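Peer 1: coords below, sequence missing:
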């Protein structure tokens with residue numbers, strides 16, 4: 001049985017499903033393997049405060065031979081899946097495993113600013129190139145522009161690079177018309193057990209945003225396509241004792257001109273060792289269908 005269990009770690013998902021039908025001992029071994037990984041996922045659920053209900057639903061909905069696609073073959077592969085899991089307390093926040101012991105935290109931006117309910121200013125649509133789940137407002141034409149977004153419950157023991165994932169249309173009136181602010185809040189438990197102590201810190205401020213030039217490479221970002229624009233780097237290791245850390249983003253109009261042709265998908269907080277690319281960016285739709 002021990003030998004069988006070890007061998008299961010080196011077999012692909014479809015082979016495991018086929019072996020499960022071979023004999024009673026193999027079936028029991030693989031079912032035990034499934035339970036082990038489900039248990040490890042439960043441990044991850046607690047550690048990273050993620051909601052595995054969508055993953056569990058996907059497992060339940062799949063055919064038996066496809067269920068193994070949800071579970072990584074071993075622990076190392078778990079951090080190379082580029083899969084997103086929704087935060088259990090903040091529904092707009094997601095975790096993504098993206099490398100050896102690397103976890104990114106990201107948030108979608110869908111509402112909460114002026115005029116998004118006015119169809120002459122914004123249209124609301126589902127885009128398949130979004131990495132998130134909800135319909136998003138596409139900016140048509142507006143003067144007052146003030147969206148904001150927060151990545152709640154950031155893991156504090158990392159050095160991160162902050163990205164905004166957005167799209168600028170070829171025909172736009174948005175370039176260099178905005179300011180973007182990035183601030184942080186660290187919450188520490190109070191000694192009396194009452195309201196948490198909050199420490200606010202400024203991270204970044206940038207005018208003339210968005211620029212279509214990648215400052216690292218000097219190349220121009222593409223129009224009519226989502227891209228991840230680097231904002232800044234941040235060291236959160238000094239806040240390791242915090243109960244929770246939130247990173248907040250705010251966009252403000254830098255001019256009184258009318259603005260259009262712009263879409264915000266969300267914001268990403270990536271470990272410094274990980275550079276987001278379109279190939280590495282997952283989607284919930286992809287996660288549930290593969």
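Peer 2: That came through fine. These numbers come from a predicted model, not from an experiment.
Peer 1: How is this protein divided into domains?
Peer 2: Domain segmentation of the chain under automatic domain parsing yields 2-78, 85-289.
Peer 1: Out of those domains, which gets the lowest mean score?
Peer 2: Lowest mean pLDDT within the domains of the chain: domain 2-78, at a mean of 61.
Peer 1: all strands for the stretch 51-200 of the chain, in order.
Peer 2: All strands of the stretch 51-200 of the chain, identified by DSSP state E, counting those that start in this stretch, fall at 84-86, 93-97, 103-108, 122-125, 136-139, 148-151, 159-168, 178-188, 197-209.
Peer 1: in its sheet, what does the fourth one sit against?
Peer 2: When sheet partners are counted by DSSP bridges, strand 122-125 sits next to strand 136-139 (antiparallel).
Peer 1: Next, the contact list for the closest residue to residue 186 other than its chain neighbours, please.
Peer 2: The shortest distance from residue 186 to any non-neighbouring residue, by Cβ to Cβ, 6 or more residues apart in numbering, is to residue 242 (4.1 Å). Every residue, glycine included, has its C-beta placed from N, CA and C. Residue 242 sits next to 156, 186, 187, 188, 199 when contact means Cβ atoms under 8 Å, 6 or more residues apart in numbering.
Peer 1: In ChimeraX, how would I select the buried members of those?
Peer 2: In ChimeraX, a selection of the buried entries from these looks like this (16 or more other Cβ atoms under 10 Å):
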select :156,186,187
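Peer 1: Make TSV out of the contacts of residue 242 and add distance to residue 172.
Peer 2: Listed next are the contacts of residue 242 as TSV, based on distance: Cβ to Cβ, whole Å:
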residue	distance to residue 172
156	37
186	36
187	38
188	43
199	38
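Peer 1: Show me the beta-bridge partners of the residue nearest to residue 148 when sequence neighbours are not counted.
Peer 2: Distances taken as Cβ to Cβ, 6+ apart put residue 250 closest to residue 148, at 4.6 Å, once the chain neighbours are dropped. Residue 250 has these beta-bridge partners by DSSP bridges: residue 148, residue 181.
Peer 1: hey, where'd the helices end up in the stretch 151-290 of the chain?
Peer 2: Secondary structure of the stretch 151-290 of the chain (DSSP state H, counting those that start in this stretch): helices located at 284-289.
Peer 1: circling back: deepest in the core, which of the domains of the chain is it.
Peer 2: Of all those, domain 85-289 has the most neighbours on average by mean count of other Cβ atoms under 10 Å, namely a mean of 17.
Peer 1: starting at the chain centroid, how far to it?
Peer 2: 9 Å (Cα atoms, centre = their mean, to the nearest Å).
Peer 1: mind checking the end-to-end distance for stretch 150-160?
Peer 2: Start-to-end span of stretch 150-160 (Cα to Cα, to the nearest Å) is 15 Å.
Peer 1: which residues sit against that stretch?
Peer 2: With contacts defined as Cβ under 8 Å, 6+ apart, stretch 150-160 is touched by 48-49, 87, 89-90, 93, 103, 105-107, 186, 233-237, 239-240, 242, 244-249, 267, 269-272.
Peer 1: Please repeat the previous calculation with a cut-off of 6 Å.
Peer 2: Outside stretch 150-160, the residues within contact range by Cβ atoms under 6 Å, 6 or more residues apart in numbering are 90, 93, 105, 107, 234-237, 239-240, 242, 244-248, 269, 271-272.
Peer 1: Check stretch 94-107 too.
Peer 2: Contact with stretch 94-107 is made by 48, 50, 79, 81-82, 84-86, 92-93, 149, 151, 154, 266-271, 274, as judged by Cβ under 6 Å, 6+ apart.
Peer 1: Quote the end-to-end distance of it.
Peer 2: By Cα to Cα, the extent of stretch 94-107 from end to end equals 6 Å.
Peer 1: just stretch 213-220 next, same as before
Peer 2: End-to-end distance for stretch 213-220: 4 Å, by Cα to Cα.
Peer 1: and what of stretch 257-275?
Peer 2: In stretch 257-275, first residue to last residue: 34 Å (Cα to Cα).
Peer 1: how near is residue 267 to residue 160?
Peer 2: Residue 267 is 11 Å from residue 160, where distance means Cβ to Cβ, to the nearest Å.
Peer 1: Same check on residue 98?
Peer 2: As judged by Cβ to Cβ, residue 98 and residue 160 stand 12 Å apart.
Peer 1: And residue 91, by the same measure?
Peer 2: Residue 91 is 22 Å from residue 160, by Cβ to Cβ.
Peer 1: No further questions, thank you.
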